[in-house]
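Undergrad: Return a 3D structure for these sequence lines:
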Amino acid sequence: MKSMLKMAVAGVIVTGAAVAVTALVPSPEDNSLDASRIIPSLSNPQQAADKVPAAVMTVLDPTLKLDPSQTRLLGKVDTVTYYGVAAGDKICMVPVDATGKDNGFIGCTLLKSFESGGLKFENAERTEAAWLIAPAAAAKSMGSVKSEAGWSQQAPNFLVRNSK
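TA: Next up, the predicted model:
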């Protein structure tokens, strides 16, 4: 009888300790609004090549309240250079056309839902495209477009298509 009592007491202590340990485990940090998880260079100082030309910044939607110091170069297709920028709870891509004819366009998506498809641009002729994707989905995304001519990976999570 005494040995049964000791085992029961030991069981309560172990169970109680397990509950206490579980209660001390911190919940994972929410980084869904951290744009540097998508554009890692946002964690580093902006370089000269990362800057969107001032003339283009002045024609972009002012309601987005873009910080010019937060733009980063993503890549290039023919005459279009693509930049990424965080804008509050959004991440945006700014295509800059070297000819200047299509400047002022911007595309954005919510940071919280970015993993569902990223952010993709395509010209009207469907000959050029740019696709910013979640870093963890790069290989899968590249595989999903392998049957389309012209796709290449310019950065770990930035794909471009030039099929001219």
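
Undergrad: what residues are up against Leu111?
TA: Neighbouring residues of Leu111 by C-beta atoms under 8 Å, 6 or more residues apart in numbering: Ser32, Leu33, Asp34, Ala35, Ile38, Ala86, Asp89, Lys90, Ile91. The C-beta positions use only the backbone N, C-alpha and C, and glycine is treated the same way.

Undergrad: Quick check: the fifth one touching Cys92?
TA: So the one you mean is Ile38. No. With contact defined as C-beta atoms under 8 Å, Ile38 does not count as touching Cys92 (10.9 Å).

Undergrad: any shared contact partners between these two?
TA: Listed as contacting both Ile38 and Cys92 by C-beta under 8 Å, 6+ apart are Gly84.

Undergrad: From Leu73, how far off is the residue nearest in space to the middle of the chain?
TA: In the chain, the residue lying closest to the centroid (C-alpha atoms, centre = their mean) is Ile38, at 2.5 Å. Ile38 sits 14 Å away from Leu73 when distances are taken as C-beta to C-beta, to the nearest Å.

Undergrad: again with Gly118
TA: For Gly118, the distance to Leu73 - C-beta to C-beta - is 17 Å.

Undergrad: So what are the sheet partners of the helix or strand Cys108 falls within and their directions?
TA: Here Cys108 sits within strand 107-110, counting by DSSP states H and E. Here strand 107-110 is paired, per DSSP bridges, with strand 90-97 (antiparallel).

Undergrad: For the strand it pairs with, output the C-alpha coordinates as PDB.
TA: Extracted as PDB, the C-alpha positions of strand 90-97 are listed here (Å, rounded to 0.1, in the frame of the first residue of the first chain):
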ATOM      1  CA  LYS A  90       1.800  45.700 -48.100                       C
ATOM      2  CA  ILE A  91       4.700  44.800 -50.300                       C
ATOM      3  CA  CYS A  92       5.000  46.400 -53.700                       C
ATOM      4  CA  MET A  93       6.800  46.000 -57.000                       C
ATOM      5  CA  VAL A  94       7.700  49.100 -59.000                       C
ATOM      6  CA  PRO A  95       8.600  48.500 -62.700                       C
ATOM      7  CA  VAL A  96      10.800  51.300 -64.100                       C
ATOM      8  CA  ASP A  97      10.800  51.500 -67.900                       C
END
